[in-house]
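Asks: Below: sequence and its predicted model.
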Amino acid sequence: MNKFTYLLLLLFCMMGGVTKAYAGIGDPLEKSGWSVTASSWCWDDRVDGNGKYDRIIDGDIQNFWHSNWGSQAGGEGDGGSLPQWFIVDIGSVQEIGGVIYTPRQQINNNTNGACKNYKVFVSENPFEVTDQASVNALTGEVASGSFEYTIAPKQVSFNNKQNAQYVMFVITDSYGSVPGRWATCAEFDVCSYAETASVTYNYTLDGVIKHSTSVVQTIGSNYNAPAIDFITFTQPTGTVQVGENNVAVECTENLPFEKTTDLNSPKWFAIDMHSNQKRYMWHYEADNQNIKVAVPEDLVSISKDDAYFWCLTGNVFDGFQIYNKKAGTTKSLNTTDAKPQITEGENTTWHIVKPKSSISNAACFKADNTQYLNHQGDNTLGYYANPDEGSSCRFFKPATIAIEQAEVIANIPANAVGGYLNDENLDPAITDAEKDLYNFKYANNLVDTIKALQSNGITFEEGAYYRIVNAFSAFTVQKCMLSVSGNTNIQWGSLDLKDINNVFQLEKKSNGKYCLKNVNRGQYMQDAAGLLGNKETAADMDFAELGCAQYNIHYTNGNCHTNGHNNGKGDKGNLVAWDGGQNTASAWYLVKVDKVEVALNTAGDASYATTYLPFAVSNVEGATAYIGKVVKQENKKILHATAIKAGIPANTGVILKGAANEAKAVLTLGDATSNVEGNNALKGTLVEKDYTNELVFGKSAEGAVGFYSMETGKKIGANKAYLEATAAQAMKLVFDGDVTGIENVMGEAADANAPIYDLTGRRVMKAVKGGLYIQNGKKFIAQ
C-alpha cells in the first residue's frame, strides 16, 4: 500500500467480535525544503555514518539518528538521559493530521533507543526549548502514547486538524539493552489532514462472517481492509463514502500447516520450536504431564515415534484444537493450572499469530487468558509474553525431516571424513517418500535406508591431505578454503580440483593438538580468521562434529566462517570467527585428497602441462611425466626430456605429456621412487612468483618447442615448472629424440604470439629461418 490512509494497531489475538482502530490520517507530505534539529546527536559508528539528526528526514530507513552516547567520532548535546527530542520544520504553516515515526531497523536485544513512550507538540512558530526542564514543562501536546518494540512504522493520528509549521517529537521512554536512556529515529513523516469516515469490514470464510473490524479511512480512498495473520483476500472494490461503510471481505486461509478437517483421516505433522537455536521438537509424554520440547536423540527417526506427531482442527478466526497421534483424538492439548497438557474432557481453543521473529513459515499459539506457548528452559512447553523465537513453531510432515537429512547426506562430497559409501541407495527411497509426505510407511523406509548406509571409513589422519569445503546449503557453487597470492590469511573461494592452493595437510603440534598447513605456502592456520604462521604458534584447534560429515573447525577464538557469503550469493572473501550449525557458513567438510588434477592443453598431436607439487605422486593417468636434462646438440643446448615411471617425488618439476585432446592428467598421491637427483634441470614454484629471467614452457611464433623467456612484469603461476635464469633466451625441448610442438600451455608463459620486429624496428608477419629478430623486447634467431 502506497498511502498511509489508516492506522490499525490492534494485533488480532482474539478473532471474535468487532474491534476498533485509531482515526485515519492523510498522505505523508513532500519533504523538500524541510529541516530538522535535535536535542543531541553523535556518530553511531563512523563519521558520515549513522547518528546525525539529518538522518531523520533523509528518506532512507536504514539510516538513523542517535542521541549522544559519547561516540569518539563526535557529536553534540547531552544524550545520556531522557527526554530526548527533535523538531521538524516543514517550511510553512500547513494543515496536518498526524505523524509517522519509523524506528531504527536494527532492533534486537543489544540495540538501544527505539521509542517506547512519546509526546507530539505542534506550533506555527519556532519552539523555545533549550533543555530537558523546558521540554518537561511543555503542555498542550496534540498526541501521546506508547509504541511496541518492532521495526514497523508507527502512525500517530491527531484528534483534530492542526495548522502548524513546526512538529516536535519527544521520546520520554525507550527500549533496548539500556532502556530509558537513549533515543533513535530512522525516519519521520508529517502527514496531511484528510476527511475520514468509518468503514466496517466483515471477513467471511466459507460464506460465514467470522470477524468484523471498524477503521477510519480517508473519504474517497479505495477500500483497504486491514490484514489478518494467515488470511488472504482480494481487496474489496469501491471507495470510502461519507457516513457508515459496511464492506464484505471474502477470505481464504494461508496456513503454515495443513489442517485436519476430519479426525478419522488426520493430517499429522511434527512441530519444532525455537529453531533459531536448535530443533526442539514437541513430544507427548503421557496424559496430565508436561509436553517435552527437546532436541531428539535421533532426529531423523522421529517418524517412528507417534508421540512426536500432532494435528489441528478449526480455523484462523475460531481457533484450533490440538491433538497428539499417540494420545489419540479423543483428548486434546489443554490449559491447566500450570503448563499445557493432554487432558480428558477439555477442548482448549488455540489462536495462531505470526511470530515477531526472523523464523519463517511459523506460527505462535495463544489461548484465552494465556500468554504464548513457549519453549521453556527446562525443555517443556510453557508460556511467554511475546511471540518471539522461543514461541515460533514450524510444522513438518512425517517424511519431511528424513528427506531433509537424506538430501544433506547426498550433498556430502566423495572422500569426506565421516561420509558414506552407498548413498546412491537413497534415491529410490527419497522418490517414494516424496510421493506422499504424510505416508509413515514411506517415511520409515527412508529412515531405514539412511540407517543402513555404510561409513566410508575416512577419518582424521595425521599427515594426510584434505580440501576444506564449506557446507553452507545456500551456495550454488562449492566453496573452500584456499591460499591467495599476496594475502597473509587463508581465504575462501570457489572449489577447483586443479588448484593446489586449496590443499591442506593435517599435522599435530607438540601438545598433540591438530593444526592445518597449507601445502603450497608451507604455513599453518593460526586462528579462525586463517592467519598464516608457524606451527607451534597456531592456536589449539579441534573438529566439532555436526552430523552428516560436517564439522565446525574450532579455534580458541571461535569457528571458521565464510565472511561475506551474502546468503550464498558471495563469490569469495575472508574467514572470520562465527558460530553456526549444520548447513551453515560455519560448517565444513574435510575431504581427503588422494588425487589431484592438472589441466592439459593440446598442441599438435599431443597435450602438455608442467607441474611442481609439494607432495609425492605414485601414479599419473592421462599423461606421462618427464624430467629434463640440459645437453648439447649440434653445439646448441637443448632440454632432453626423459620419462619417469616410478612416480614423481615431492618438489620435482616435470613436464606432463598426454594424447591429443586429453583434457587433464590425474595424479595419485603416494610414494615415488623415481631417481631424479642430478638428472633434472627443471625447477618449480609452489606459489605465484615474479618472473626474473627464467625460461618457461612455450612455443615460438614459428612453432619451435622449448622453454622461452617471458614478457617483463608477468608472473610464473603456482605449481609450475621452469628452467632457471640463463643467458639464453630460448631452449628447444626434445622428448627422447623427437621434437614436439606445443602451444603456450602455462598461461603465464612467454607471449609467443607477440609482434615480431626486424632490427630496424619494422614489424614482420613471418620470420625467415636464420634471421635475427626481436620479440617480447629480446633478440632471437628464427629456427
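Replies: Noted; the coordinates are in hand.
Asks: in the sheet, who's paired with the residue nearest to Thr261 when sequence neighbours are not counted?
Replies: Counting by Cβ to Cβ, 6 or more residues apart in numbering, Thr313 is the residue found nearest to Thr261 once chain neighbours are left out, at 7.3 Å. Yep, even glycine has a C-beta here, placed from its N, CA and C like the rest. Per DSSP bridges, the residues bridged to Thr313 are Gln321.
Asks: Please list all residues in contact with Thr313.
Replies: 259-261, 263, 320-321, 323 (Cβ atoms under 8 Å, 6 or more residues apart in numbering).
Asks: just Lys278 next, same as before
Replies: With Cβ under 8 Å, 6+ apart, Lys278 has these contacts: 295, 581.
Asks: at 6 Å instead, please
Replies: Val295 (Cβ atoms under 6 Å, 6 or more residues apart in numbering).
Asks: Equivalent analysis for Val469, please.
Replies: 413, 478, 480, 589, 591.
Asks: Pop the domain breakdown of this structure in here.
Replies: By the record's domain assignment, the chain is partitioned as 1-24+195-251, 29-192, 269-396, 400-451, 465-563+572-579, 595-754 (automatic domain parsing).
Asks: Distance to Thr459 and mean pLDDT added to those, as TSV?
Replies: Formatted as TSV, the domains of the chain follow (distance: least, Cβ to Cβ, whole Å; pLDDT from 0 to 100):
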stretch	distance to Thr459	mean pLDDT
domain 1-24+195-251	48	77
domain 29-192	40	92
domain 269-396	22	96
domain 400-451	6	96
domain 465-563+572-579	10	96
domain 595-754	17	85
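Asks: would JSON lines of those with distance to Arg762 be doable?
Replies: JSON lines is the format used below for those (distance: least, Cβ to Cβ, whole Å):
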{"stretch": "domain 1-24+195-251", "distance to Arg762": "70"}
{"stretch": "domain 29-192", "distance to Arg762": "57"}
{"stretch": "domain 269-396", "distance to Arg762": "70"}
{"stretch": "domain 400-451", "distance to Arg762": "57"}
{"stretch": "domain 465-563+572-579", "distance to Arg762": "39"}
{"stretch": "domain 595-754", "distance to Arg762": "15"}
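Asks: Tell me what Tyr203 is bridged to.
Replies: Applying DSSP bridges, one finds that Tyr203 bridges with His211, Val249.
Asks: Share the number of residues neighbouring it, please.
Replies: 23 (other Cβ atoms under 10 Å).
Asks: Quick check: it touching Glu250?
Replies: No. Tyr203 is beyond contact range of Glu250, at 8.5 Å (criterion: Cβ atoms under 6 Å).
Asks: Grab the nearest non-local neighbour of Gly658.
Replies: Nearest to Gly658 is Ala623, by Cβ to Cβ, 6+ apart, at 3.7 Å.
Asks: if I pick the one you found, what's in contact with it?
Replies: 656-658, 665.
Asks: Show me which pair in those residues is furthest apart.
Replies: Lys657 and Ala665 (9.1 Å; Cβ to Cβ).
Asks: Same drill for these two, tell me which one is more crowded.
Replies: More crowded of Lys657 and Ala665, by other Cβ under 10 Å: Ala665, with 25 against 21.
Asks: got the residue ranges for the strands in the stretch 651-783 of the chain?
Replies: 653-659, 664-669, 682-685, 689-690, 696-699, 705-708, 715-716, 720-723, 730-735, 738-739, 756-757, 763-764, 772-775, 778-781 (DSSP state E, counting those that start in this stretch).
Asks: of those, which approaches Ile352 most closely?
Replies: Per Cβ to Cβ, nearest to Ile352 of the strands of the stretch 651-783 of the chain: strand 664-669, 56.5 Å.
Asks: Which other helices and strands does that closest one contact?
Replies: With contacts taken as 3 or more Cβ pairs under 6 Å, 6 or more residues apart in numbering; DSSP states H and E, strand 664-669 sits against strand 595-599, strand 617-621.
Asks: could I get the ones you listed as JSON lines with mean neighbour count and distance to Val696?
Replies: Shown next, in JSON lines, are the helices and strands packed on strand 664-669 (neighbours: other Cβ atoms under 10 Å; distance: least, Cβ to Cβ, whole Å):
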{"stretch": "strand 595-599", "mean neighbour count": "19", "distance to Val696": "16"}
{"stretch": "strand 617-621", "mean neighbour count": "18", "distance to Val696": "21"}
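Asks: In this structure, which residue is most central in space?
Replies: By Cα atoms, centre = their mean, the mean C-alpha position of the chain lies nearest to Asn567, the distance being 2.7 Å.
Asks: ok, for that one, nearest residue in space, not its chain neighbours?
Replies: Asn567's closest residue in space is Ala474 (Cβ to Cβ, 6+ apart), at 5.4 Å.
Asks: burial measure for that neighbour, as a count.
Replies: 13.
Asks: ok, which stretches of the stretch 1-150 of the chain are strands?
Replies: 18-20, 35-38, 41-42, 65-66, 75-76, 84-102, 115-123, 143-146.
Asks: Please identify the deepest-packed of those.
Replies: strand 65-66 (a mean of 29; mean count of other Cβ atoms under 10 Å).
Asks: List of residues touching that strand?
Replies: Outside strand 65-66, the residues that reach it (Cβ under 6 Å, 6+ apart) are 44, 51, 53, 55-56, 184-185.
Asks: next one: stretch 484-499
Replies: Here stretch 484-499 has contacts from 477-482, 525, 530-532, 562, 572-573, 597, 599, 688, using Cβ under 6 Å, 6+ apart.
Asks: Just the buried ones from the residues you listed?
Replies: Buried members of the contacts of stretch 484-499, scored by 16 or more other Cβ atoms under 10 Å, are 478-482, 525, 530-532, 562, 597, 599, 688.
Asks: and the residues you listed as a markdown table, adding secondary structure and distance to Phe460?
Replies: Formatted as a markdown table, the buried ones among the contacts of stretch 484-499 follow (DSSP: H, G, I helix; E, B strand; the rest coil; distance: Cβ to Cβ, whole Å):
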| residue | secondary structure | distance to Phe460 |
| --- | --- | --- |
| Gln478 | coil | 21 |
| Lys479 | strand | 21 |
| Cys480 | strand | 17 |
| Met481 | strand | 16 |
| Leu482 | strand | 20 |
| Met525 | strand | 15 |
| Gly530 | coil | 19 |
| Leu531 | strand | 22 |
| Leu532 | strand | 21 |
| Thr562 | strand | 21 |
| Glu597 | strand | 24 |
| Ala599 | strand | 30 |
| Glu688 | coil | 30 |
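Asks: wait, which of those residues is closest to Ile342?
Replies: Thr562 (44.3 Å).
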